[in-house]
Every structure is written in structure tokens, then in C-alpha cells.
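Q: prediction below, plus the sequence it came from.
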Amino acid sequence: MRLSHAVGVPRLLAVSSCLLLLSSLGRAAEAPTEGGTRSEAAVRLHEHRVFLFRVGHGSQSAESRAKDASQALSAAVNGQGPKRVELKEEGDSASVLVDASPVLQLWPEDAAAAGDASLSLHAAKAKTSIEDAVHAEVRRLALQALVLRICLAVLLGLVTFVLIRKLSELEGAVEEWLEARPEGAPAVRLGNVELASERAVRGGLHVALRFSKRALQVVLALTWFFVVLSWFDATSDAGRRILGMLLEPVGRVLARVFGAIPQILALAVLGLLLVLVLRSVQLFFGSVARGETHLAWVPADLARPTGTLLQAALVIVTVVFAGPIISGGGSGPFQGLAQAMLIGLAVACTPLFAAVVAGLPLVYGRRLRVGDVAEMGGQIGLVKHVDLLSVVLEDAGGRPVRVPHLLSLFQPMRILGLSALVTVDVTVSGTEDQVRVQTLLTEAAGSHASGARVELRALDAAGALYRIVSGYEDVGLRVAAALKDAGIALAFLGEAGSQR
């Protein structure tokens, strides 16, 4: 045990001596040598070693030269420009430049310390190292910028999507607020004349909300699309071309609109006056139809068709003659607009005009009156209403049927005369629910407009007597079937007669 301890001590001393010897050799290697400071320092670009200074120069040590070169290289790489690396030799020195900015300055002692045969060879090696590092850094920065732009594009897309969803929610909230208002949307009035009713204003607000929502959603989506395209070099030119294709027509239209502001104002005033006149005509002939105003040349039953014809004539005259007057000549945008509107109306409304022309003799000739039984277009029924476009018939089931006048040009019309009213007496048990019985009888009798009615003539313990007047010839069968389906016992059913 003592022998091993004695042997271990010399070994420990020998290892310690070797370590001290190596330390002294390292200090000797770092000791100053003749002609410069013999301490190596690396030029770095973001923790990557690019070049190695082995000696100092003048008052600068190798570490100081490496630090200055690292800062100059980092500034040159992060700056703008094509990142071109050049070598410039002047006298007994050589400089490496990045985009005309000096990064390294080398001297003959640098070449000697590196073991190169000449300063030119040493500088060429430095230029190659700097060039490789710069190109690698440029690629890294480009990749970093690409990844950042992709992330920003995705983030901006998510924000755009959220905003589009929020616009839909905002539209729903505003519509709920409008519906929840007890007073509703206010009507638009000019004095005592109502230009737009509350219902029309409410509908216009809903349309404006939906259009605004869609327009803002499209604007947000297009903004995201063009912003993302402008971020990438491969798509920036295409984005500019597409944006120009979209904005150029809009710009031309806006320029023409701003140039035609006086004409637009005149057209707006004319439109307002036309609306007032049309509304006044409608109210006037409506009062004639209700019997509030009496005209010798327009009967009450022809007042509404006459008012409609007059309104249509006013619109046509305004479009034809007011356009050239406002535009200041026989040609111009308003003249073209008037012609386009007339052509469109003529083509799209040809069946409508044909129905009006076919209905004029029927309406003003009074060939068909309310209360007549007629056959038109294969339909037989009681005439309920006659206007410029169609005739409303009530079929055997009490359902309204609208028959356009245009069908009278292709199918014959037969007027069967005034409808016959059939009277039927019905007796039911007095224990039945009479309110329910009267409702069933009224439904079976038909429409009140056709003259149908139900009267309770007698009510006692024995039963309830009803008299039914109807335009249906088979009213007895209808009443019996209705009471049977409802489970009501029928005591007596008899026909009292008929009348015209």
C-alpha cells in the first residue's frame, strides 16, 4: 500500500510538469514576434467564420482588424444592392469590396503569415471566401424573407376571412335591429305627398345593407389578393397588370361620371319631378275610383286603368324627349340611354304591351263586368276583377284564377251572364257548436264577393235553421259533405230556390 502510494506521487508530478510545459509553449506561441502581432482572429458573418487574420498591422491588432471587417461585411450584406464582390489592388495593399464598400484590407505580411506566395494570391483567396459567404447570406436572407411573406400572407388571409365573417354578422345584427324597432322605417314624404312608404324604405334599407356587405367583402378579398401578389417577385408584375385591367375601366367611368355631374343633377331633379307627378296621378285617379272625386269623362270603374295608362305615357314621353334636352343635343350619353331603355322595354315587355292592347277594348268597351260568369282561356268562373292586364275569375272551388287578356287572341271568350244564386235551408241539431257549424257553412257557400252568405233563421231546442245563399249550383252537396266530414248530424236539407 505504501509502495503504490509512493509510485503515484512521481506520476502526478510528471503529469503536472507536462501540463506546465504545454502552457508555457502556448504562451511562447502567443508572444510578440518581429514584424507584427502573432495572434489569429476570424472575420465572422453571423457566427460563421469567413476569413482569418493571422497578424496585426500597424497599431491594429488582428482582433481589431477582424472586428472592423466583420462589422463592415455585415453592414454591406444587410444593405441594398446587388451584392457584388470585387478585388482592388493599390501599391503594396489589396482591398476586398462588397458593393464598392471596403471590407478587408490586406498587406504583404498577411500573405506571408498565411504561407501564400504573393499578396495577389492571398487576396484572391480572401475574395473567394467573402464571395461565398455573401452569396450564402443572400440566399439565407431571401429564404427568410420568403418564409416571412408566406406567413404574413396566411395571417392576412385569416384576418380578411374573419373580417368577411364579421361583416355578415354585422349585417344580421343591423337587420335584427331594424326589425325590432316598433316604429319601423320612416316613410319618405315631400310635404303631404308620400314618395316612398315605410315598407319600401325598409326594403330599400335591406337591399342597401346586403349590397354594401357584398361590396365590402369583395373589396377585402381583392385587397388581400393584390397585396399578397405584390409581396413576391414572381407574381408582382402579374398583380400590377391585373389591377390595372380592373382599375382602368373604373377610372374611365368615374372620369365620365364626374364630367357629367351637371347632367346627373338635372336628371335627378327630373326624376324627382316625375315621381311626384306619377304619385299625384295615382292618388287622383284612386280617389275617382273610390267615389271621392267625380269626373264626367272618367267613370269610377275606369279610373284606375286610365290612371295607369296616363302614368305609362308620362314615363315614355319623359324618356324620349327629356334625354336630348338635358344632354344639350341630339346625341350624347342620355340620348343613348333613352334609346337603350326604349329598345329594352320594347323587347322585354312585348307580351305585356300585347296584353294591354288586347285588354283595352274589353275594359273600356265594358264587355265584361264584375259578377258575370265567363269562360276565358279554358277557365270558367265568376268575374271578380277586370284590369288592363288580366281578368280575375273565381272558380267553382272559390279560388282566384288570373287570366291574361293575351289569351283572348288565341282562345274564344264566352260571357255566360250574371251568376245564379242558389238558396238552401239547412237544419242541424241544437246541441252542436253553432259557431263551428256557421264557419263550415260559410266555407261551403263560397266567397262573399260572389254574393254568398249564411243566415241563422231560427234556433231552439229542436235544432238550428240556417239559410245559405251561394253561387254554386251544387251548394247542397257541398254543405252535406262538409257537415259529414266534420261529424255533424244533418236534420234537414232543402233547396229554397234560385235567383239572378
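A: Alright, I've got the coordinates.
Q: remind me which residues of the stretch 351-500 of the chain are low pLDDT?
A: Along the stretch 351-500 of the chain, the model assigns pLDDT under 70 to residues 396-398, 416-421, 447-452, 471, 492-500.
Q: revised request: answer the last question for the stretch 51-200 of the chain.
A: Residue ranges of the stretch 51-200 of the chain with pLDDT under 70: 80-82, 181-197.
Q: the nearest residue to Ala461 once chain neighbours are set aside: what's it in contact with?
A: In space, and not counting its chain neighbours, Ala461 is closest to Gly430: 5.5 Å by Cβ to Cβ, 6 or more residues apart in numbering. Where you see a C-beta, it was placed from the backbone N, CA and C, and this is true even at glycine. By Cβ atoms under 8 Å, 6 or more residues apart in numbering, Gly430 lies in contact with 459-464.
Q: so which residue is smack in the middle of this structure?
A: By Cα atoms, centre = their mean, the chain has its centre lying nearest to Arg214, at 1.5 Å.
Q: where's that one relative to Val228, distance?
A: Between Arg214 and Val228 the computed distance is 21 Å (Cβ to Cβ, to the nearest Å).
Q: element containing the residue nearest to Ala461?
A: Using DSSP states H and E, Gly430 sits within no helix or strand.
Q: one more: Val288?
A: helix 261-289.
Q: helices and strands around the following helix or strand past that helix, which ones?
A: Toward the C-terminal end, the helix or strand that comes next after helix 261-289 (DSSP H and E) is helix 303-317. On a contact count with 3 or more Cβ pairs under 8 Å, 6 or more residues apart in numbering; DSSP states H and E, helix 303-317 meets helix 261-289.
Q: so for the helix it packs on, what's the average pLDDT?
A: Averaging the model's pLDDT scores along helix 261-289 yields 81.
Q: can you give me the helices in the stretch 401-500 of the chain?
A: 434-445, 475-486 (DSSP state H, counting those that start in this stretch).
Q: restrict the last one to CA atoms and write it as PDB.
A: It refers to helix 475-486. The C-alpha trace of helix 475-486 is given here as PDB (Å, rounded to 0.1, in the frame of the first residue of the first chain):
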ATOM      1  CA  VAL A 475    -124.100  24.000 -52.800                       C
ATOM      2  CA  GLY A 476    -126.400  21.400 -51.200                       C
ATOM      3  CA  LEU A 477    -123.900  18.600 -51.900                       C
ATOM      4  CA  ARG A 478    -121.000  20.800 -50.700                       C
ATOM      5  CA  VAL A 479    -122.900  21.500 -47.400                       C
ATOM      6  CA  ALA A 480    -123.800  17.900 -46.800                       C
ATOM      7  CA  ALA A 481    -120.200  16.800 -47.500                       C
ATOM      8  CA  ALA A 482    -118.700  19.500 -45.200                       C
ATOM      9  CA  LEU A 483    -121.000  18.500 -42.300                       C
ATOM     10  CA  LYS A 484    -120.400  14.800 -42.800                       C
ATOM     11  CA  ASP A 485    -116.600  15.300 -42.700                       C
ATOM     12  CA  ALA A 486    -117.000  17.300 -39.500                       C
END
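Q: name the residues that touch it?
A: 422, 424, 426, 428, 436-437, 440-441, 443-446, 468, 470, 472, 489-490, 493, 495.
Q: which parts of that helix are buried?
A: 475-476, 478-480, 482-483 (16 or more other Cβ atoms under 10 Å).
Q: swap in the first one?
A: Across helix 434-445, burial judged by 16+ other Cβ under 10 Å covers 437-438, 440-442, 444-445.
Q: closest one to Val174 out of these, please.
A: Distance to Val174, by Cβ to Cβ, is smallest for Thr442 among the buried residues of helix 434-445, at 44.5 Å.
Q: give me the number of residues near the closest residue to the closest one other than its chain neighbours?
A: Using Cβ to Cβ, 6+ apart and skipping residues adjacent in sequence, the residue nearest Thr442 is Val454, 5.0 Å away. Val454: 22 surrounding residues under other Cβ atoms under 10 Å.
Q: wait, Val454 touches Leu440, no?
A: No: the criterion here is Cβ atoms under 8 Å, and Val454 misses it with Leu440 at 9.5 Å.
Q: and the end-to-end length of stretch 299-306?
A: This stretch, stretch 299-306, spans 10 Å end to end (Cα to Cα, to the nearest Å).
Q: how far off centre is that stretch?
A: 44 Å (Cα atoms, centre = their mean, to the nearest Å).
Q: and that stretch, which residues are buried?
A: Neighbour-count burial for stretch 299-306 flags 300, 302-306 (criterion: 16+ other Cβ under 10 Å).
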